[in-house]
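Colleague: Structure here, sequence nowhere to be found:
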């Protein structure tokens, strides 16, 4: 039997080859809107998505749909409840971009500490003398990195910071007991204590009803005035208006951002014009290695579902509970 798998965007060849090697006809959508996707989904058995929003209505328009694979860790763009109600299994790839995102977070930390945004801009303008006017650039050695959320990416970042750069690492995660863990993180009892003690705050949380808009002015006022906020998780966790005000009024020193409330980010977003903000376009997990791993893992999940195999990375519990 041949199955049809629709990719809403072109993915790395590793996953495409795997699907084809397992008897799947792979189709890549040429559309960009929900209407375009619905048109292409009509006969698909499997759906492979990146950040496209997948609604219950879209699922209703694909009567053969059995599985949705997310190219990445966060699956908040997929209506999981609607998929469960329709007996559609959702799978994801929680480990594929762990190292890439951790490296990116560390890059933002180092770029912030070295005032890279200002230096790069001024150097390209011909201002070589900028090197004499940066009294607030500093080393990260012995500085404290605070992690909000201590999952796989946070632990990978912690290892790089603690073992590679001699940083102190503290963190808060309601699902982990206070104390030291294997990544060199000292888990504290409260988020507030992490905010107060850290030179860098790195957010590693999923987007949920509990975490959305959970970082605002109250949190920034707990941070050191010399501290930086790093966010490579989800943009809607941070109240951007409060962050812009905190940066403008020097409540905190700066920020390194890879994610935003609205994506693609609007060019009139004030954060993009601030010299104390390092901004990247949700590209933390876009390395060659991560793209290959995410594509392959998602493809493997699709094949597992279509052929009734044990599911390695389920999101909901459709076929898992029936196995």
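Modeller: Yep, that arrived. Predicted model only: the values in this text are computed from it and were never measured. Residues are numbered from 1 along each chain as shown.

Colleague: what about the strands in the stretch 51-200 of the chain?
Modeller: Assigned by DSSP state E, counting those that start in this stretch, the stretch 51-200 of the chain shows strands spanning 67-70, 89-91, 144-148, 168-172, 179-180, 186-187, 200-203.

Colleague: and of these, who's closest to residue 312?
Modeller: Evaluated over the strands of the stretch 51-200 of the chain, closeness to residue 312 peaks at strand 89-91, with 7.8 Å, by C-beta to C-beta. Quick note: C-beta positions are derived from backbone N, CA and C, even for glycine.

Colleague: mind showing which ranges of the stretch 201-323 of the chain have poor pLDDT?
Modeller: Where the stretch 201-323 of the chain drops to pLDDT under 70, the residues are 319-323.

Colleague: can you give me the helices for it?
Modeller: Secondary structure of the stretch 201-323 of the chain (DSSP state H, counting those that start in this stretch): helices at 217-222, 240-248, 288-306, 318-322.

Colleague: just those helices: most buried one?
Modeller: Among the helices of the stretch 201-323 of the chain, the stretch with the highest mean neighbour count (mean count of other C-beta atoms under 10 Å) is helix 288-306, at a mean of 22.

Colleague: So which elements touch it?
Modeller: Counting contacts by 3 or more C-beta pairs under 8 Å, 6 or more residues apart in numbering; DSSP states H and E, helix 288-306 packs against helix 13-21, strand 24-28, strand 46-49, strand 67-70, strand 89-91, helix 98-113.

Colleague: Show the contacting residues for the nearest residue to residue 6 once chain neighbours are set aside.
Modeller: With C-beta to C-beta, 6 or more residues apart in numbering as the criterion, residue 6 has its nearest non-adjacent residue at 4.1 Å, and that residue is residue 44. By C-beta atoms under 8 Å, 6 or more residues apart in numbering, the residues touching residue 44 are 4-6, 27, 62, 64-65.

Colleague: Quick one, which of those are buried?
Modeller: Among the contacts of residue 44, those scoring as buried are 4-6, 62, 65 (criterion: 16 or more other C-beta atoms under 10 Å).

Colleague: Which of those residues sits closest to residue 125?
Modeller: residue 6 (46.9 Å).
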